[in-house]
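A.B. asks: whatever this is, show me its structure:
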Amino acid sequence: MRMSGGRPRVGFLGVGWIGRHRMEAMAATGAVEVAAFVDPSDDAAAAAAEAAPEAARARSLKDLLERELDAVVIATPSAAHAEESIRALRAGVAVFCQKPLGRNEEEVRAVVAAARRADRLLGVDLSYRHADGARRIRSLIQEGGLGRVFAADLVFHNAYGPDKPWFYDRALSGGGCVADLGVHLIDLALWTLGEDKVASVEAHLFAGGAAMHPPLDRTEDYASAVLTLASGAVVRLTCSWRLHAGQDAVISASFFGDRGGAELRNVAGSFYDFAAERFDGTARTTLATPPDAWNVGAAQAFARTLAAGGGFDPEVESLIPVAAAIDQIYGRRPASTEGLQRAS
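C.D. replies: As a prediction, the model looks like this:
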């Protein structure tokens with residue numbers, strides 16, 4: 001760590017809407033200092049300067065890394081995430097990166113390995129882990145409250161889809177709605193259930209209503225997949241862009257055990273408001289209701305852990321089997337014979 005008595009100095013690579021939002025969220029904790037930012041857009045830079053007037057505008061990641069920073073927050077297109085994260089980690093700087101950390105398992109493994117070698121904190125903005133309802137359901141399951149969980153259904157339909165052209169270029173994005181939205185669902189399922197292995201994956205991909213088959217040359221806008229876990233539990237995933245969903249978004253995560261069920265779901269089509277319930281037969285018990293500032297939870301947790309002097313956290317290795325499962329959905333060859341193995 002470079003800090004000596006003061007707050008950690010954090011630089012921001014990319015301050016579009018998401019990058020600036022995470023910058024403001026981290027600054028609000030009081031745990032870190034916003035030291036510098038980079039963005040090619042003058043409008044984005046002006047908005048960032050207004051939000052953090054003491055921060056300097058840098059020219060590049062190289063320029064950021066020359067400014068004695070403790071951490072870099074990366075909010076750039078997905079194709080650059082792995083390379084930029086590794087450059088920062090090799091320079092001895094902690095990293096908080098937007099999802100996905102890499103476009104495939106190989107890239108994710110490389111970033112995690114770089115963080116481990118550097119003994120630096122590595123965080124990824126998988127924010128649904130921080131939803132109050134998701135945390136309550138996870139605790140309920142891990143305490144045995146639902147008994148043996150044998151099935152889970154997770155859904156993420158975005159009625160609009162991304163507005164940046166690079167999202168639709170597989171070489172730049174790594175994939176379509178699965179890489180963009182499905183990564184949240186797979187991560188949430190494995191994090192909630194605590195399973196040690198995904199045994200098999202079956203998937204169906206569509207673009208404009210037409211079925212797709214490997215090798216893929218387009219980005220999918222609808223996907224359905226079934227992950228069978230080592231325990232025998234079955235996880236069903238569905239995600240899409242621009243679906244005729246009747247509302248802005250349909251987001252849910254349902255878990256069913258032999259002693260009960262539980263569900264996290266968005267309220268009235270909202271991207272931000274979530275409720276959670278436990279099911280006992282036909283009865284329902286409320287676990288959580290909005291409002292809940294879950295969407296900044298990962299960023300703020302990173303800032304506080306950084307300020308506390310945290311180094312490499314092995315929990316980040318849990319991202320490897322998520323990336324491996326996505327590779328399987330896309331029909332890509334696993335990076336290793338343990339590609340679907342979840343770190344213990």
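A.B. asks: buried residues in the worst-scoring helix or strand of the chain on mean pLDDT?
C.D. replies: Within the chain, no helix or strand scores below helix 170-173, which has a mean of 95 by mean pLDDT, DSSP states H and E. Within helix 170-173, the residues scored as buried using 16 or more other C-beta atoms under 10 Å are Arg170, Leu172, Ser173. All C-beta spots, glycine's among them, are computed from the backbone N, C-alpha and C.
A.B. asks: same thing with stretch 238-248?
C.D. replies: Thr238, Cys239, Ser240, Trp241, Leu243.
A.B. asks: helices and strands around the least confident helix or strand of the chain, which ones?
C.D. replies: Contact here means 3 or more C-beta pairs under 8 Å, 6 or more residues apart in numbering; DSSP states H and E; on that basis helix 170-173 packs against helix 78-90.
A.B. asks: not counting sequence-adjacent ones, nearest residue to the residue positioned nearest the centre of the chain?
C.D. replies: For the chain, the residue sitting closest to the mean C-alpha position, by C-alpha atoms, centre = their mean, is Leu126 at 2.7 Å. Leaving aside its sequence neighbours, Leu126 sits nearest to Asp187 (C-beta to C-beta, 6 or more residues apart in numbering; 5.0 Å).
A.B. asks: not including adjacent chain positions, what is the nearest residue to Ile137?
C.D. replies: That would be Ala262: by C-beta to C-beta, 6+ apart, it lies 4.6 Å from Ile137.
A.B. asks: off-centre distance for the strand or helix carrying that neighbour?
C.D. replies: Taking DSSP states H and E as the criterion, Ala262 maps to strand 260-266. For strand 260-266, the separation from the chain centroid amounts to 20 Å (computed by C-alpha atoms, centre = their mean, to the nearest Å).
A.B. asks: name the strands paired with it and say parallel or antiparallel.
C.D. replies: If you go by DSSP bridges, strand 260-266 pairs up with strand 249-257 (antiparallel), strand 274-280 (antiparallel).
A.B. asks: circling back: neighbours of the residue nearest to Leu126, just the number please.
C.D. replies: Burial measure for Asp187: 22 neighbouring residues, criterion other C-beta atoms under 10 Å.
A.B. asks: from what I see, it and His130 are in contact.
C.D. replies: No: applying C-beta atoms under 8 Å as the test, Asp187 and His130 come out as separate, 11.9 Å apart.
A.B. asks: tell me the contacts of the residue nearest to Ile137?
C.D. replies: Ile137, Leu140, Ile141, Leu146, Ser254, Phe255, Ala276, Glu277, Arg278, Phe279, Leu287 (C-beta atoms under 8 Å, 6 or more residues apart in numbering).
A.B. asks: sweet, I'm off.
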